[in-house]
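**Q** sharing a model prediction with you, sequence too.
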Amino acid sequence: MVGFAGFAFAAPWALLGLLALPLIFWLARAIPPPPKEAIFPPAALLGAVKIDEETPQRSPVWLLILRAIAVATLVLGFASPVINPSTAEPDGRNLVIVIDDGWSSAPEWPAIIGEAKTVVETELLGSATVRLIFTAPDKPRANAEDALSPRQAVERLDAAEPKPWGTDRQKATALLAAIPTNSRVVWFSNGLAEPGDSVWLDAVSRLGTVEVRRPDGFAVALTKAEPTAAGYRAFIQKAVSEPFSLPLQVRDERGRVLGTASIALPPKAGAYSAEIAVPPALTKRATSVVLGRSDHAGAIRLLGTSDRRARIGLVAPPTDAQPLVSDAYFLQRALASQAETVRGDIASLTASDMDVIILPDARPQGAEADALRKWVREGGLLIRYAGPRFDSSGGNPTENPEALIDDLLPAPILPGVRRLDAGVAFTGALGIAAFPADGPFAGLTVPNDITVRAQVLIDPAANPAPLVWASLSDGTPLIAARGLGEGSIVLIATTAGPAWGDLALSGLQPALLGRLARLPAARSNSIGPLEGAPTTALAPKLLIDGFGSVRPAGSDDPALTPERARKIGREAIALAPGIYSTGQEARQLAIIQPNQKLTRIEAYPQNFKMASPGGASPIELGGAFIVLGLALLAIDMLVAIFLLGGRRTLSFLRFAKASAPTVFFAAMVGVGLFGMATNARAEAPMPLDLRLAFVETGDPATDSVALNGLRGLSRFVRERTAAEPGEPIGVDPSNDDLGAYPILFWVVPPSPSPPSTETIARLRRFLASGGMLFVDTRGNAAAGRLAVQGLALPPLVAVPEGHTLTKTFYLLKTMPGRRTDSRLFVETDASAADGDGDGASSILLGDGDWVSAWAIDGQGRPLFSVEGGERGRELAYRVGTNVVIYALTGTYKSDQVHVPALLDRLRR
Amino acid sequence: MAKLGTLLRDAGQQSAKLPALVASARKAAASLHFGAHGLRRPGPGETFWQHREHQSDEGLSQVDWRRSARAERLFVRDRERETPTQIVLWSDGRAGMEWRSHHSLPTKADVALIGTLALGLALRSSGEQISVLDSVVSDRDDRVAGALIAQSNFDPRFDTVCANHSLILASDCLEPIDIWEKRFRSLRNHEMPRALLLVWDPAEEAFPFQGRTAFRTKTNPNDIFVIGRAQAVREEYQALWRNHIGAISALARAHRFAVAQACTAAPLDGALLTLARAISEGPV
């Protein structure tokens, strides 16, 4: 990048093309426009004309200028001019890039990495080394002491991802010790204060000059989401920042939005919450609560096992003798829209898996009462309605709480019925008071026209006092509740039908029942925020990655052990948020604990240089210049046609002749400069034909066996199948382009060295882009393990019966190699389906020493003996053939099993 | 020598415009009123023409005694000349003539053909016999025109022209002068009147070219004359051209041709009238 204030050329060498401008002048003179042609009978007379002016006619000056401008514009375009080039000179000092790669950096991650790469790239030409320090703890921590070349650093930056947990700069401080002073530190801060910040700032400032990019971090995270009667309540922690508002959504497992809300966050840091209403019918589908765009690990909160639609049992005879006055009739009508209702007697309802049992106007006795009690203690919700048959006379309950429990009531009931519209205590029918805000009915409005004419009275002196969820306007409790064991009992002190009031006739009754029906679901739904350490190690189930996506846990995700759990909230640990559980216990780990505060770094040391993101972004002008240049050339052609050539003599030949020199020259200059400017990498030519490739291990014996083995396999495959692999080729995965090979054979040498990170990265990329890796350990399991370590292999299983690999070309029962007991392992179908190989396993790993079995010498004679003789060798070849065809066709053969069915359907 | 195919094609094209040619030639001929009737002059014939005084060098057998008896002097009885002059026509239609500098103009070949034919028709109507060079004489206009066209493609040879035939030529005469001199040489001893219509295109005179121009002729397409700045050589060319035309005219006059110039942009009448008079005046 060469330039001056606000303007630079990305490919300044292309400006050398401007030297060609004089050449254009010379050419325009040396190759003048072709003469006009004229038939002129007396032309012979002209032979005698003395021609004074020998120089041919010059191109008009303005045309020369036009062409010069056109070519100059093209040259400038190819030099890729940039306005506001991202800064400048290599600094020369060693560069330390510190990136806070915690969860809050994720929304800005591409920008952070882009900026970091820009910083590193300015050092590309210099000799400075680059160290990358990521402050979030990592499982195998990147070796920060490594002094990298800028190019390596860029590659590592490309591979870096934000972690779904917080940063721990105090721990990262230790990494700074190895770094020489007088470095240039560029710190991409997340702006969040941490306990050890003073130590950190001190250590960083000792390294040299410190530049802080993005000092104003953005941090807002969901701490928990609680089910409420109307939906979910999301709790949010937020650091100081500008006020803003964020959408909140409840989503189902396929990402469909079930409910939305918006939360306006004031500038102050702190905890906020908002309720998201979800229609009752949809709550059972909710799987996550999402904040904003869900672009970081703190912006999504998983909900527990999904909410079943409540199953409600109604204790009533199967049919109503008198529907319009029967309680059961009104209840069933009220529940129809929101729950699955089953009628039955107590015995059958308690035996079936009911969430709620409604018992209108009855008193269970004996065995029935026992069954109900047992059912409630196990987590049931019993809703009782009063009524004429609601006989509350039973000893003196106030004195005997046990009897109360026996009575299946939340509180003792005073004997008799309080009639409000008749009798001595004539008060008239009463309305219902507003629902208390802490009850399950909070937010429901009470219609004015509802009156209750009669009720049973709950003993006001009951001890312990029941929860009162609704009262009449004079304050007498109407709905009372009490927990019993895991479950609860709710009493509604009037009738379910219209006998004692208007409740049954109003819209309030369905709403009340809807709220009540959701209580058990809400309770079973909550996998509470982590409170207290779990008693055992909990296995990760569903985790959230750094970008706020939910993924199933892999085998290498650490478990939530009690000791790790104890650290949570006090220090950053490398544990992704999500759901951890064993059979009995489940915890949801959040990125921020509700008791944690998000605070900003109040002040950076004075000598830190602040650099906010943004500024003028670079504007590339190359394309515009090239377009302008080409447009000018087009004008030049038109000029050549219409002005110089003359309209009369327009013809394409003429046109081509007229404009050819300019166009040709411009094209030459352009192509040449573009080639120079883009500095095309000299790549090895890509093989267009299929070739089997093996990883060069550096061990000559192994490589030779691999080469000969693949040669033998290629020959076999050529002879027997339609695939025609060419000469096998050895590749170095750390340098060569692997993209051209469908399958890569890796024969593990006897004493392998662990592959470099570079090799690992490229092999991973190869696998991720649909490549297949065949690892032949040759029976040396330990060496094999050492060789593939770091590849993060998915779980492997021995080739199961009926696996695609057993039928891609030959039908095979086993996978014999040089020994008949060889085993070949493939990805499980599940993990293969998740992978990038279109359902085909991207890893084949075996100990069969197939390459030796396949190996042939130059004359095509086998090199090694095989168990089972030539038949055994044939089988080994067949395995190889199946592997090659598998690599080429994927799961195509498995799809073939559907062919008969498809044909059958077509025939029909 | 042009190829036979080309000839046939050209002949086809040209015969297609024959009727138009003949019509315009007739029109031009009708407008030719060249005063004294050419043939009304003494000569060998049957009908009385005039009495004139006997010259002393004439024999006495010439004397018309009856007329002389009425006067003191001797008279000779002249008869009207009755043997018409044979007039041979040739118009130049070779490649170089098939050219015009602008599409609104006729080609030189057309002008030459029309001029020749018009002259021929006019003279025939005044009693002369016309024929086409190297062709059989015919009375029909279109046959004459066809023969003219047919012959116009060939280099003219005048050695077949009888000494007592008149000759009418129309050409641009742009061939070098020595070629024309060679052609005219066979006419040296003839005494019959002849006419030459020099046809030129206005562009040949004006040389309206500008800029770098490659000039080529139709007759010899491989000759290309590239002039860097055409406008710079205009004056010089015009001088050369005038010299050439002047030299050709002088040569023709020396061979007893009456010469008239016809610009394709101008009406033909004047030139034709001049030539018709010259022809009808008889042997010089």
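**A** Looks like it came in fine. Residues are numbered from 1 along each chain as shown, chains lettered A, B, ... in the order given.
**Q** who touches the nearest residue to A:Val130 once chain neighbours are set aside in this structure?
**A** Among residues not flanking A:Val130 along the chain, A:Ala153 sits closest, at 3.9 Å (CB to CB, 6 or more residues apart in numbering or on different chains). Yep, even glycine has a C-beta here, placed from its N, CA and C like the rest. Neighbouring residues of A:Ala153 by CB atoms under 8 Å, 6 or more residues apart in numbering or on different chains: A:95, A:97, A:120, A:130, A:132.
**Q** what about those residues, which are in helices?
**A** Among those, the residues falling in helices (DSSP state H) are A:Val120.
**Q** what number of residues lie near the residue in the stretch 51-200 of chain B positioned nearest to chain A?
**A** For the stretch 51-200 of chain B, the residue closest to chain A is B:Gly96, as judged by CB to the nearest CB, at 4.1 Å. Applying other CB atoms under 10 Å in any protein chain shown, we find 23 other residues in the vicinity of B:Gly96.
**Q** residues in the stretch 101-250 of chain B within reach of chain A, list them.
**A** Residues of the stretch 101-250 of chain B lying near chain A by CB under 8 Å from any CB of the partner chain: B:108, B:172, B:174, B:176, B:201, B:203-204, B:209, B:211-220, B:223, B:225-229, B:232-233, B:236-237, B:240-241, B:244.
**Q** taking those residues one by one, which sit in helices?
**A** Counting by DSSP H, those contribute B:108, B:203-204, B:236-237, B:240-241, B:244 to helices.
**Q** mean confidence for stretch B:22-29?
**A** Average pLDDT, stretch B:22-29: 75.
**Q** same check, this time on stretch B:250-260
**A** 89.
**Q** pull out the buried residues from that stretch.
**A** B:251-252, B:255-260 (16 or more other CB atoms under 10 Å in any protein chain shown).
**Q** need those in a markdown table (columns: secondary structure and distance to A:Ala269).
**A** Converted to a markdown table, the buried residues of stretch B:250-260 look like this (DSSP: H, G, I helix; E, B strand; the rest coil; distance: CB to CB, whole Å):
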| residue | secondary structure | distance to A:Ala269 |
| --- | --- | --- |
| B:Leu251 | helix | 117 |
| B:Ala252 | helix | 117 |
| B:His255 | coil | 122 |
| B:Arg256 | coil | 126 |
| B:Phe257 | strand | 120 |
| B:Ala258 | strand | 121 |
| B:Val259 | strand | 116 |
| B:Ala260 | strand | 114 |
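**Q** circling back: that's a helix at the residue of the stretch 51-200 of chain B closest to chain A, yeah?
**A** Yes. According to DSSP: H, G, I helix; E, B strand; the rest coil, B:Gly96 belongs to a helix.
**Q** tell me the pLDDT of the residue nearest to A:Val130.
**A** A:Ala153 is given a pLDDT of 84.
**Q** what do you get for A:Ser59?
**A** pLDDT, A:Ser59: 61.
**Q** rewinding a little: now the closest residue to the residue of the stretch 51-200 of chain B closest to chain A other than its chain neighbours: how far from B:Gln261?
**A** Spatial nearest neighbour of B:Gly96, excluding adjacent residues (CB to CB, 6+ apart): A:Pro41 at 4.1 Å. Between A:Pro41 and B:Gln261 the computed distance is 16 Å (CB to CB, to the nearest Å).
**Q** okay, these two: which has more neighbours?
**A** More neighbours surround A:Pro41 than the other of A:Pro41 and B:Gln261, with 25 against 16 (other CB under 10 Å).
**Q** wait, what's in contact with that one?
**A** Here A:Pro41 is in contact with B:96-97, B:99, B:108, B:172, B:174, B:201, B:204, B:217-219 (CB under 8 Å, 6+ apart).
**Q** ok, and what's touching stretch A:858-872?
**A** By CB under 8 Å, 6+ apart, stretch A:858-872 touches A:705, A:708, A:712, A:715, A:816, A:818-820, A:852-853, A:855-857, A:873, A:875-876.
**Q** on that earlier part again, wait, is the residue nearest to A:Val130 part of a strand?
**A** No. Judged by three-state DSSP, A:Ala153 forms no part of a strand; its state is helix.
**Q** bridged to B:Val259, which residues?
**A** Here B:Val259 sits in beta bridges with B:Leu196, going by DSSP bridges.
**Q** so, low pLDDT: which residues of the stretch 151-300 of chain A?
**A** A:215-217, A:229, A:240, A:281, A:284 (pLDDT under 70).
**Q** could you report the neighbour count for the residue of the stretch 451-600 of chain A at minimum distance from chain B?
**A** Nearest residue of the stretch 451-600 of chain A to chain B: A:Phe547, at 69.4 Å (CB to the nearest CB). As a burial measure, A:Phe547 scores 18 neighbours (other CB under 10 Å).
**Q** before we move on, what about the one 4 residues further on?
**A** The local packing of A:Arg551 (other CB under 10 Å) involves 13 other residues.
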